[in-house]
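1. Just need the structure, nothing else, for what follows:
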Amino acid sequence: MDDLQDKVWYACYGSNLLEERFLCYITGGQPAGAKTVYGGCLDKTIPSESEDIYINSELYFARASKNWDNGGVAFIRTTFSPTIKTMGRIYLITNGQLIDIAKQETNTVSGLKMDFNKAILDGSYIFKEKSWYGNLLYIGQQKDYPIFTLTNESDNQTETKPSSDYLKTICQGIKQTHGFDDLTILDYLKSKRGIIGNYTDEELMQIIAEQ
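-> Predicted coordinates:
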């Protein structure tokens with residue numbers, strides 16, 4: 001998997017569930033509700049396919065993102081369990097595009113190397129230590145292409161409350177990708193670490209219903 005044109009699936013589980021937001025990482029631009037303007041990939045070809053997916057790893061919210069009103073952002077654990085189902089979306093892109101996305105996620109200008117083969121062999125590959133999303137996680141295969149996502153190298157981050165704008169974007173992405181109704185999304189989100197104790201069901205429902 002050394003050819004930058006090799007196809008891979010990139011799995012998203014946070015705000016990039018919403019396609020128009022994710023495409024800012026590909027073509028460049030400023031997503032609605034975010035403060036960052038993304039430069040995009042060198043190869044600005046849009047994904048040839050996208051599909052819904054369930055990731056067998058726990059979703060939680062941590063850190064404090066200036067891009068999202070200093071609220072927590074989404075991560076998944078590096079461990080998997082068949083009883084856990086995190087709503088996700090996969091985009092079929094190239095190795096080169098995934099490297100460029102990782103640069104944008106980790107604020108890396110140049111020199112970033114990602115060993116996709118090692119990630120498949122070991123289950124993950126830390127390409128930038130102590131970076132929020134410096135861990136390339138291998139999830140599995142779909143249509144003969146490997147599925148990767150980005151998360152933190154540690155599963156011991158302190159959970160933090162995500163902003164309402166961030167949650168709104170995730171909810172829009174879930175509706176767009178999975179087609180679920182508001183009550184299903186409420187039931188999904190209210191049990192997540194970072195949301196528990198920080199949002200009431202009524203507050204969550206107001207965010208979910210807001211379009």
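
2. From here on, just use CA atoms for contacts and neighbour counts.
-> OK.

3. C-terminal to the one helix or strand L98 maps to, what's the next element?
-> Per DSSP states H and E: L98 is located in helix 95-105. On the C-terminal side of helix 95-105, the closest following helix or strand by DSSP H and E is helix 116-122.

4. Which elements pack onto that following helix?
-> strand 124-126, strand 135-142 (3 or more CA pairs under 8 Å, 6 or more residues apart in numbering; DSSP states H and E).

5. Is it possible to get a markdown table of those that adds mean neighbour count and mean pLDDT?
-> As requested, the helices and strands packed on helix 116-122 are arranged in a markdown table below (neighbours: other CA atoms under 10 Å; pLDDT from 0 to 100):
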| stretch | mean neighbour count | mean pLDDT |
| --- | --- | --- |
| strand 124-126 | 21 | 98 |
| strand 135-142 | 20 | 98 |
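
6. Including distance to I195, could those go into TSV?
-> Converted to TSV, the helices and strands packed on helix 116-122 look like this (distance: least, CA to CA, whole Å):
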stretch	distance to I195
strand 124-126	27
strand 135-142	24
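
7. if we compare these, which one ends up closest to K192?
-> Ranking those by proximity to K192 (CA to CA) places strand 135-142 first, at 20.4 Å.

8. buried sites along the next helix or strand after the closest one?
-> Toward the C-terminus, strand 135-142 is succeeded by strand 145-151 as the next helix or strand (DSSP H and E). Residues of strand 145-151 classed as buried by neighbour count (16 or more other CA atoms under 10 Å): 146-151.

9. Which residue ranges make up each domain of the chain?
-> Using automatic domain parsing, the domain parsing of the chain gives 7-151, 164-209.

10. List the buried residues in the host helix or strand of L204.
-> With the criterion set as DSSP H and E, the secondary-structure element containing L204 is helix 201-209. By neighbour count, with 16+ other CA under 10 Å as the criterion, the buried positions of helix 201-209 are 204-205, 207-208.

11. okay if I get the residues you listed as TSV plus distance to L137?
-> What follows is the buried residues of helix 201-209, written out as TSV (distance: CA to CA, whole Å):
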residue	distance to L137
L204	29
M205	32
I207	30
I208	29
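
12. would TSV of those residues with pLDDT be doable?
-> Rendered in TSV, the data for the buried residues of helix 201-209 read as follows (pLDDT from 0 to 100):
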residue	pLDDT
L204	98
M205	98
I207	98
I208	98
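
13. And the closest residue in space to E20 that isn't next to it in sequence, what's its pLDDT?
-> Among residues not flanking E20 along the chain, P31 sits closest, at 7.5 Å (CA to CA, 6 or more residues apart in numbering). At P31, the pLDDT value in this model is 88.

14. One more: the one 4 residues further on?
-> pLDDT for K35: 82.

15. any idea how far it is from L18?
-> For K35, the distance to L18 equals 16 Å [CA to CA, to the nearest Å].

16. same check, this time on F127
-> With distances taken as CA to CA, F127 is found 26 Å from L18.

17. just K103 next, same as before
-> Distance, K103 to L18, by CA to CA: 20 Å.

18. out of all of them, which helix in this structure is the longest?
-> Scanning the chain for the longest helix, with DSSP state H as the assignment, gives helix 164-178.
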